[in-house]
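Asks: okay, predicted coordinates and the sequence, questions at the end:
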Number of protein chains: 6
Amino acid sequence: MRLLLINPNMTESMTQIMMDVARQTAGPEVEIVPLTATSGFPYIASLAEAQIAGANVLETIAAHRNDVDAVIIAAFGDPGLAAARELFDLPIVGMAEAAVMSAAMLGERFSVVTFSPHMAGWYDASIRQTGLGARFTGVRCPKAPPETVNNVAEVLRSDLIGLAREATATDGAAVVILGGAPLAGLAPQIADETPGILVDPIAAATVQAMALSRLSPSYRNRTARPAAKTSTGLGADLSAVIAGEIA
Amino acid sequence: MRLLLINPNMTESMTQIMMDVARQTAGPEVEIVPLTATSGFPYIASLAEAQIAGANVLETIAAHRNDVDAVIIAAFGDPGLAAARELFDLPIVGMAEAAVMSAAMLGERFSVVTFSPHMAGWYDASIRQTGLGARFTGVRCPKAPPETVNNVAEVLRSDLIGLAREATATDGAAVVILGGAPLAGLAPQIADETPGILVDPIAAATVQAMALSRLSPSYRNRTARPAAKTSTGLGADLSAVIAGEIA
Amino acid sequence: MRLLLINPNMTESMTQIMMDVARQTAGPEVEIVPLTATSGFPYIASLAEAQIAGANVLETIAAHRNDVDAVIIAAFGDPGLAAARELFDLPIVGMAEAAVMSAAMLGERFSVVTFSPHMAGWYDASIRQTGLGARFTGVRCPKAPPETVNNVAEVLRSDLIGLAREATATDGAAVVILGGAPLAGLAPQIADETPGILVDPIAAATVQAMALSRLSPSYRNRTARPAAKTSTGLGADLSAVIAGEIA
Amino acid sequence: MRLLLINPNMTESMTQIMMDVARQTAGPEVEIVPLTATSGFPYIASLAEAQIAGANVLETIAAHRNDVDAVIIAAFGDPGLAAARELFDLPIVGMAEAAVMSAAMLGERFSVVTFSPHMAGWYDASIRQTGLGARFTGVRCPKAPPETVNNVAEVLRSDLIGLAREATATDGAAVVILGGAPLAGLAPQIADETPGILVDPIAAATVQAMALSRLSPSYRNRTARPAAKTSTGLGADLSAVIAGEIA
Amino acid sequence: MRLLLINPNMTESMTQIMMDVARQTAGPEVEIVPLTATSGFPYIASLAEAQIAGANVLETIAAHRNDVDAVIIAAFGDPGLAAARELFDLPIVGMAEAAVMSAAMLGERFSVVTFSPHMAGWYDASIRQTGLGARFTGVRCPKAPPETVNNVAEVLRSDLIGLAREATATDGAAVVILGGAPLAGLAPQIADETPGILVDPIAAATVQAMALSRLSPSYRNRTARPAAKTSTGLGADLSAVIAGEIA
Amino acid sequence: MRLLLINPNMTESMTQIMMDVARQTAGPEVEIVPLTATSGFPYIASLAEAQIAGANVLETIAAHRNDVDAVIIAAFGDPGLAAARELFDLPIVGMAEAAVMSAAMLGERFSVVTFSPHMAGWYDASIRQTGLGARFTGVRCPKAPPETVNNVAEVLRSDLIGLAREATATDGAAVVILGGAPLAGLAPQIADETPGILVDPIAAATVQAMALSRLSPSYRNRTARPAAKTSTGLGADLSAVIAGEIA
């Protein structure tokens, strides 16, 4: 099984950290192919940035769709997810959505704890987009953004544990999602000190990509696939997919 | 007052029809500046196409934002609307959203009648995105798509009247939105034969762009504006806006 | 264009303040006709009072409906709005609803900041009545009511700025509606010190009345109009409208 | 125990039929005091009519509040209910709400079957107003209104049975509310031929008025009671209640 | 009229306290038959415990269904309620549901105040299960559980009054339900010091059982009754009911 | 990895069919341990039956919890799921929930197609219980129940294909869940003739049990675990779990 892990952010080091978690979660039989965005933004943190990055994600999937069994969009707000799912005949998994769907099978209500108030609005919107807003207790984050995203998991460790405590004790969450690529890999390190069931979104995305791939859904008569269409200004692969020239 | 009317579709003739309705609705004191997309698709009909077209819309607004008082995104699914609103300090209006908000001030429940089943899913999703789904009675459309989008308002005239009848009698809608650029201008022509209050989305977008512009909201301390950020691969204007270099 | 501005409260000075905002917002080509209630209450602050005031509003509209292009019900809880919209063949705009619909086109989530806890319950119910409760972050108000409603905008200025700060920072609102007639005109005065996009409800009602009037919806085959009916104890004009004697 | 049964419609014969059902349901220990509206409409069928009739209901309750233990507002759309509940310190029961709350304790989903499409919109809105819309399968009614409301229960008997069948088989309702005063008393007559559990709204209102009266809730520190207020143009009793002069 | 009051908890003293409230509420003409669970748990406080206790409740009702007019399931989370309602042809009332439906007829929004954080999650879920979550302001409880459930109403008296104050002042509740069997009978004792309308759930269950019994719904053609079925391992009475052998 | 597959129905042949699908889906490295209920019902089809079967499921899991990595509750209405998840420190997966969460990652809206109207109400309730009701287009089933559940997948093959067609074309579902144990294994057989993406619930439950097990959530500080408690009448294993005697 081969999974394409697309980091829509341009930061190579994040891709590396997420790859480590994905490989460890998936085990040796699964090959994970990492790709880091070469245009867009260092770190997506808004709807506007997601609109642009999501369009890039479609180009990337178009180029690699025949070489993999499933795709992971490895940014917490899932840029391009709904559009990609409409377009391509293979499982597409988003980090936020996979974390949410997994969390919903682990406990009644779930929270997102993250490292910066800058992400709160976008993350909140992404979660509610899944339709599971009624079981979502909201985003908990520090009051001020960190000086740098580097080492944020280490520097904010005790703050994040405190936020998880509020999420469970005050908000009533049974499951706590540690949201955002910079927190990848943190969950097992703080599990002893943290209330609630912790979910690492990149681990969740990995197991869900494996699950959907193994489920091998029938895409033969997909009704959501758009009608074939000409286009201008797109890359050759995406243009071909949209034109219905399925190789 | 100057309004930028961006047609995210590449079809010039649609821009022309919509301009006619917009000008007639706005009256002579308002200048309307039309722009037709030069990349993307002849006619957007899916989330995937909207993801790409929406990114283009951001580039276009960035280039013209200092010359106009408000912007109309003139495609019924409002590609790029939420992202643009986050990014720019002037009123941004979408055709679907403006039609919905206007309809909600004209009657209790509203319907969308359109010309093709191909648009139903995307239109339905766009409407629910506004948050007013509880007052929305759904999309009514012919069972089969038309052979061509040209003259669809003329050719399907009696079908559309029949659909409006079902929307009001069966679904309980008080207001009927005639959704999709090809139906621009049809409302006054069929009002005598059609039950319910008819809303033309481009007319609605025009009056709402004027309304928001005149309301002159204070953008000075906008909290939704993303933090300034570097980017790669964007046009110069959009890149500057995202970098916080506000001219 | 002529707009009827009905203040359902009996307080003449409020009408005056609201007129000033409405005139300034509408510009010189629009004539605004003010009317202050001559029965009912000095200041409506409950459902019970709105039930009675709303019935009076219907009488007033019935008497003036042929002389104006649209009607503004100028009290934040919109007494009589839904009933009037059912009955009359011209645009009827409510202050709360117009503020909400405008706010929803300016940002993702909106808050109401007001001057007294006495209004919170009624305002909250009015807002949710629009169907946009999922984008509403709630009412923020001082803990105690003011001693007098006179000069409340001036006296509570810094408190209101603080409440707007909580609405945006804690509740996540992008737009802040300054609710209640006594706050009419305050928005531009405090915009420099206040986070979020400020909306003045009477300004919003004015631009929406203009918008709907210009949209010129087709009322010819309105399905929401009640069947003609005899009545007892109503004023002559309202009685005639309800009897279907449309002059 | 004394219950005030207010018919907000001006039709005496309806009051009589509803009294019969109420008396039979309540048994001999309960005294039921009937009152028929002396102003307003023969039969309320719209929001506009309910706005006016509801204001009248407040006057009536104010005049009789000290002589009874609870009040039944005996029209299916519950005109004035929320306002009365805010104002008076005794249980106020509405026909639609009492039917809905009773139905919700008899089965998972409930339907309303009524005699005319003219009532459908108003009834639907009244039901959703209770907050239980998610368990409501909608209003079922004949396609055309009856020629006269007299004898409608007799004339439409087989149609109503057919509608109940659709409500249970197609819509999935376990409980069927026979909505509207003209159907009072019909439920036991057609129970053998009708699927689902039938609820007669006036019987439901009677048992709920008895229940709430017996529950004897503590009104001493009611927080929903509006602040005392002067008024103009109201009857003496209602004016006194609103002024806080509680006799 | 005979009402079966089943305490699904094994604690006899609770049954006694609840019986006292029920008898006092119902008056002398109603006979109340108490039953305390003989298997299960001293005090149900979780979904898991309710799953098991609810199955026991079905056995108990099956054994006594022919001797009573209605059944009260006297534990606040209503274990077995929906299942019992499906199975038996007589009114089944749950404490939480009856309190909620009564509260919804006394004021716009309601709160639950209880004695221990251990109950909060389960109570919250039970309330939302009714479908009235939009009018529910949430559970208020002390931060720590009490040392013993005995005398909790006395020991926590002032805390509970404080919680009711927060529920009304902060959360906007008009009605406060005192949730949990150990608080039975407390409402009238603290009504003078407590804001909001207080509801005692066992009193509410009693009046609702009387109301539904008096309403005498037609169970003849119940559509929710499951098809007859063989079973293994059930008691004789329940097995017979499920087999459709209606005595 | 070892997965416990509990069939809460007493029908051994169903267990066999589901085992075949589960094994084929999971591949050779996963051991699947089948268990068929020895008390309860041949085939659960109601809330009442689920209440009883769910209690039995808890006993079964308690007895085997230390020997497996995850548990599949293999009946479409997921009897005992929420209770089991609260009680046990390992992943518990339900067929309906796993199908829904998987479907939600494959397309925007999903439908359930099943073989009998007897299941529709219970299935509908189970699906909505997940919180994803807004993306659920409803249950589609034949008008009459089949004569026997045996061979239902074969006998109703063309009906089921027709229902899937309605679910996609009329209801707008992108994904069709073939609900109910008797349809296990049918999806790949009819994929060529069926519109939409087909999901087999037992295959979905298998991949989700594997996913959650591999995700290895931290149960160490689970907040949803009930306080330890004595019990009467339970099996030794379940009693020990509830007493907090974790072996």
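Replies: That came through, no problem.
Asks: CA only for contacts and neighbour counts going forward, please
Replies: Noted.
Asks: separation between whatever residue of chain A ends up closest to chain C and residue A:143?
Replies: Nearest residue of chain A to chain C: residue A:121, at 7.2 Å (Cα to the nearest Cα). Distance, residue A:121 to residue A:143, using Cα to Cα, to the nearest Å: 13 Å.
Asks: distance of the residue of chain A closest to chain C relative to residue A:45?
Replies: 9 Å.
Asks: between those two, who's got more neighbours?
Replies: Using other Cα atoms under 10 Å in any protein chain shown as the criterion, residue A:121 and residue A:45 rank with residue A:45 on top: 23 against 18.
Asks: still on that earlier bit, return the residues in contact with the residue of chain A closest to chain C.
Replies: residue C:172 (Cα atoms under 8 Å, 6 or more residues apart in numbering or on different chains).
Asks: ok, the residue most central in space within chain A - contacts?
Replies: Of all residues in chain A, the one closest to the mean position by Cα atoms, centre = their mean is residue A:95, 1.7 Å from it. Contacts for residue A:95 were tallied using Cα under 8 Å, 6+ apart; they are A:72, A:73, A:74, A:75, A:76, A:77, A:78, A:201, A:202, A:204, A:205.
Asks: the longest helix in chain A is where?
Replies: Using DSSP state H, we find that the single longest helix of chain A is helix A:47-64.
Asks: what sits up against that one?
Replies: Residues contacting helix A:47-64 (Cα under 8 Å, 6+ apart): A:6, A:8-9, A:37, A:39-41, A:44, A:71, A:73, A:77, A:79-81, A:83-84, A:88, A:122, A:234-235, A:237-238, A:241, B:51-52, B:54-55, B:80, B:82-84, B:86-87.
Asks: which helices and strands sit right next to the following helix or strand past that helix?
Replies: For helix A:47-64, the following helix or strand on the C-terminal side (DSSP states H and E) is strand A:70-73. Contacts defined by 3 or more Cα pairs under 8 Å, 6 or more residues apart in numbering or on different chains; DSSP states H and E place strand A:70-73 against strand A:2-7, strand A:92-94, helix A:201-215.
Asks: same thing but at 6 Å, please
Replies: Judged by 3 or more Cα pairs under 6 Å, 6 or more residues apart in numbering or on different chains; DSSP states H and E, strand A:70-73 is in contact with strand A:2-7, strand A:92-94.
Asks: of all the ones you listed, which lies closest to residue C:19?
Replies: Nearest to residue C:19 among the helices and strands packed on strand A:70-73 is strand A:92-94 (51.9 Å), distances taken as Cα to Cα.
Asks: the closest one packs against which elements?
Replies: strand A:70-73.
Asks: what residues does the helix or strand just after the strand it packs on touch?
Replies: As assigned by DSSP H and E, the chain's next helix or strand after strand A:70-73 is helix A:81-87. By Cα atoms under 6 Å, 6 or more residues apart in numbering or on different chains, the surrounding residues in contact with helix A:81-87 are A:92, A:224, A:225, B:47, B:48.
Asks: from those, which is closest to residue F:148?
Replies: Of these, the one sitting nearest to residue F:148 (Cα to Cα) turns out to be residue A:224, at 34.9 Å.
Asks: one step back: show the buried residues in the contacts of helix A:47-64.
Replies: A:6, A:8-9, A:37, A:39-41, A:44, A:71, A:73, A:77, A:79-81, A:83-84, A:88, A:122, A:234, A:237-238, A:241, B:51-52, B:54-55, B:80, B:82-84, B:86-87 (16 or more other Cα atoms under 10 Å in any protein chain shown).
Asks: and the helices in chain A, which stretches?
Replies: According to DSSP H, the helices that chain A contains are A:12-26, A:47-64, A:81-87, A:95-104, A:117-129, A:152-155, A:157-169, A:187-190, A:201-215, A:236-242.
Asks: where's the residue nearest to the centre of chain A relative to residue A:190, distance?
Replies: Distance, residue A:95 to residue A:190, by Cα to Cα: 20 Å.
Asks: return the residues of chain A in contact with chain B.
Replies: Contact residues, chain A versus chain B (Cα under 6 Å from any Cα of the partner chain): A:39, A:40, A:41, A:47, A:48, A:51, A:52, A:55, A:83, A:231, A:232, A:233.
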